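Visitor: 3D model of this:
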Amino acid sequence: MSLVGRDLERKHLAELIDGVGDRGGALLVRGEAGIGKSALLAEASRSGVRVLSTTGAEAEQNLPYVGLHQLLYPVRAGVDALPAPQRDALRTALGLAHGAAPNVYQVGLAVLGMLAEAAAERPLLLIAEDAHWLDRASADLLAFVARRLESEPVVLVATVRDEPRSPLEDVGLPTMTLDRLPEDLAGELLDAVAPDLPPAVRARLLTEAAGNPLALTELPGTARDLDAADPVLPLTDRLERAFAGRVAPARTSLLIAALNDSTSLVETLDAATIALTTSADVTTLAPAVDAQLVELGPGTLRFRHPLMRSAIPWAASPGERQDTHRALAETLDGQPDRRAWHRAAATAGQDEGLAAELGLAADRAERRGGVSAATAALEQSARLSEAPGRAAAAGG
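Guide: Numbering: from 1, shown residues only. Below you'll find the predicted structure:
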């Protein structure tokens with residue numbers, strides 16, 4: 001189904017990408033959750049250029065350069081061809097080598113060099129979805145790159161919401177805002193998705209969706225469950241209720257995937273095996289795939305829309321979320337930083353041993369240049385400890 005009411009936005013984006021051979025550039029696409037940013041970029045990614053992508057996630061904000069690692073992974077072989085200072089800085093930033101905290105300028109030059117080399121073979125479209133949730137180090141780096149693309153056959157398109165604010169919004173990039181659909185176009189989209197709705201239900205859904213395309217396409221599936229006596233709820237609450245009601249057959253596995261700071265299918269299934277106390281495999285996720293909540297790739301699991309990823313933890317109890325983080329931590333013995341963060345999320349009281357682990361994670365993050373990540377780890381360490389020294393360290 002084509003995008004309804006986005007002809008001007010599609011034309012603008014197509015012109016930017018089609019002209020990449022003559023001039024590179026960057027564009028921010030702003031809009032609320034469910035407004036169609038992902039659908040617009042999905043169409044743009046079929047334009048014939050090579051696509052490199054990364055997606056921000058709340059759970060990954062404290063892991064320095066994890067977003068950059070995801071973006072550059074397909075062209076990682078280009079690291080070895082960089083000048084030594086840039087190569088060493090980038091390898092250290094990405095956790096591929098040990099060394100002193102990398103010079104951020106050298107990391108930026110390294111990324112520009114890798115992208116220029118890759119684009120010499122075929123123009124590049126860089127997609128950063130949910131850039132407001134990227135870790136700060138990756139977001140700062142992309143902001144650096146975005147201002148230096150005019151002379152390269154590279155286009156960067158990043159999607160953002162109004163909150164939280166991304167560093168990409170502070171460097172003067174052109175912005176395209178997606179607004180809610182007007183009533184006539186909202187009705188057109190709803191009729192295309194659910195042509196046989198009773199008039200009263202159709203009117204109710206148009207009111208509840210308030211022009212949000214994702215709501216217009218998802219809510220008809222739960223229309224029969226809408227209670228006419230319910231008060232009108234904020235759109236996000238209504239959507240989260242709708243999504244949460246659809247995940248029951250694979251609820252535990254989807255909660256694990258939603259709280260995991262990785263798209264690794266193996267990690268999700270290993271943690272599901274622990275949580276369910278029975279062997280989990282891809283068939284465990286079949287109901288979620290059939291319901292088009294997630295997509296499985298070679299070794300990966302991705303949610304169709306970021307809102308689905310946020311709806312599932314929202315519907316879980318605090319205890320369920322803690323149990324899920326605990327199961328994830330048990331699968332990450334070889335990754336001490338990620339393991340410590342999941343253990344912290346599973347711990348309500350104080351734990352001196354875990355506080356010490358987070359202190360070490362802060363040291364490692366600082367050595368890699370992830371100052372924000374180091375500060376966040378120290379703050380968590382202080383929360384888990386009675387030692388006054390940890391509180392002082394967290395306070396700077």
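
Visitor: Correct me if wrong: Gly359 contacts Glu379.
Guide: No: using C-beta atoms under 8 Å, Gly359 makes no contact with Glu379, being 11.1 Å away. C-beta here means a position set from N, CA and C on the backbone, and glycine is covered the same way.

Visitor: So which of these two has more stuff around it?
Guide: Gly359 (23 against 17; other C-beta atoms under 10 Å).

Visitor: In space, what's closest to the more buried one - neighbours in sequence excluded?
Guide: Among residues not flanking Gly359 along the chain, Ser381 sits closest, at 4.9 Å (C-beta to C-beta, 6 or more residues apart in numbering).

Visitor: okay, that neighbour: pLDDT?
Guide: Looking at Ser381, its pLDDT reads 92.

Visitor: Would you agree it falls within a helix?
Guide: Yes: counting by DSSP: H, G, I helix; E, B strand; the rest coil, Ser381 is located in a helix.

Visitor: Isn't it up against Leu358?
Guide: Yes: Ser381 is within contact range of Leu358, at 3.9 Å (criterion: C-beta under 8 Å).

Visitor: how about the strands in the stretch 1-150 of the chain?
Guide: Secondary structure of the stretch 1-150 of the chain (DSSP state E, counting those that start in this stretch): strands located at 25-30, 50-55, 124-129.

Visitor: closest to Ala143 out of those strands?
Guide: Among the strands of the stretch 1-150 of the chain, the nearest to Ala143 by C-beta to C-beta is strand 25-30 (9.2 Å).

Visitor: quick one: contacts of the closest one?
Guide: Strand 25-30 is contacted from outside by 9, 13, 16, 37, 40-41, 131, 146-147, 149-150, 155-162, 168-169, 173-178, using C-beta atoms under 8 Å, 6 or more residues apart in numbering.

Visitor: Pull the number of nearby residues for Tyr65.
Guide: Around Tyr65 there are 28 residues (other C-beta under 10 Å).

Visitor: again, but for Ala356
Guide: 16.

Visitor: what's the distance between the closest residue to it other than its chain neighbours and Glu366?
Guide: What sits nearest to Ala356 in space, not counting adjacent residues and going by C-beta to C-beta, 6+ apart, is Ser381, at 7.6 Å. Remark: distance between Ser381 and Glu366 (C-beta to C-beta, to the nearest Å) = 13 Å.

Visitor: With Thr331 instead?
Guide: 26 Å.

Visitor: try Asp270
Guide: 30 Å.

Visitor: list the buried ones in stretch 273-282?
Guide: Thr273, Ile274, Ala275, Ala280 (16 or more other C-beta atoms under 10 Å).

Visitor: Ala39 is in contact with Leu3, correct?
Guide: Yes: Leu3 lies in contact with Ala39 (C-beta under 8 Å); the separation is 5.8 Å.

Visitor: What residues does Gly172 make contact with?
Guide: Arg147.

Visitor: Overlap in contacts, Ser381 and Leu358.
Guide: By C-beta under 8 Å, 6+ apart, no residue touches both Ser381 and Leu358.

Visitor: Please export the C-alpha coordinates of the helix with the most length in the chain as CSV.
Guide: When the chain is parsed with DSSP state H, its longest helix is helix 104-121. What follows is helix 104-121, C-alpha atoms only, in CSV (Å, rounded to 0.1, in the frame of the first residue of the first chain):
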residue,chain,number,x,y,z
VAL,A,104,37.1,12.3,18.6
TYR,A,105,38.3,14.3,15.6
GLN,A,106,40.4,11.4,14.4
VAL,A,107,37.4,9.1,14.8
GLY,A,108,35.3,11.5,12.7
LEU,A,109,37.9,11.7,10.0
ALA,A,110,38.1,7.9,10.0
VAL,A,111,34.4,7.5,9.5
LEU,A,112,34.4,10.1,6.7
GLY,A,113,37.3,8.3,5.0
MET,A,114,35.5,4.9,5.2
LEU,A,115,32.3,6.3,3.8
ALA,A,116,34.0,8.2,1.0
GLU,A,117,35.9,5.0,0.0
ALA,A,118,32.7,2.9,0.0
ALA,A,119,30.7,5.6,-1.9
ALA,A,120,33.4,5.7,-4.6
GLU,A,121,32.0,2.3,-5.7
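
Visitor: got the contact list for it?
Guide: 50, 52, 68, 72, 75, 78-79, 81-83, 85-90, 93, 124, 126, 140-141, 144-145, 148, 152-154, 369.

Visitor: Drop anything exposed from those.
Guide: 50, 52, 68, 72, 75, 78-79, 82, 86-90, 93, 124, 126, 140-141, 144-145, 148, 152-154, 369.

Visitor: In helices, which of the residues you listed fall?
Guide: Leu68, Leu72, Gln86, Arg87, Asp88, Ala89, Leu90, Ala93, Asp140, Leu141, Phe144, Val145.

Visitor: Any figure for the gap between the first one and Glu60?
Guide: For Leu68, the distance to Glu60 equals 11 Å [C-beta to C-beta].

Visitor: What of His98?
Guide: Distance, His98 to Glu60, by C-beta to C-beta: 22 Å.

Visitor: and if you look at Ala26?
Guide: Applying C-beta to C-beta, one obtains 22 Å for the distance of Ala26 from Glu60.

Visitor: hmm, which of the contacts of strand 25-30 are the buried ones?
Guide: Among the contacts of strand 25-30, the ones that count as buried by 16+ other C-beta under 10 Å are 9, 13, 16, 37, 40-41, 131, 146, 149, 155-161, 168-169, 173, 176, 178.

Visitor: how about the buried residues of stretch 273-282 in TSV, adding distance to Ala250?
Guide: Listed next are these as TSV, based on distance: C-beta to C-beta, whole Å:
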residue	distance to Ala250
Thr273	14
Ile274	16
Ala275	12
Ala280	10
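
Visitor: Low-confidence stretches in the stretch 151-300 of the chain?
Guide: Along the stretch 151-300 of the chain, the parts satisfying pLDDT under 70 run over 222-249.

Visitor: can you pull out the helices in it?
Guide: Taking DSSP state H, counting those that start in this stretch as the test, the helices found in the stretch 151-300 of the chain are 183-193, 199-209, 213-218, 235-244, 251-259, 265-276, 286-290.

Visitor: pull the CA atoms of the last one into PDB?
Guide: Taking Å, rounded to 0.1, in the frame of the first residue of the first chain, the C-alpha atoms of helix 286-290 are listed here in PDB:
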ATOM      1  CA  ALA A 286       6.200 -17.700  15.100                       C
ATOM      2  CA  PRO A 287       3.100 -16.000  16.500                       C
ATOM      3  CA  ALA A 288       4.900 -12.600  16.700                       C
ATOM      4  CA  VAL A 289       6.200 -13.100  13.100                       C
ATOM      5  CA  ASP A 290       2.700 -14.100  11.900                       C
END
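
Visitor: Appreciated, that's everything.
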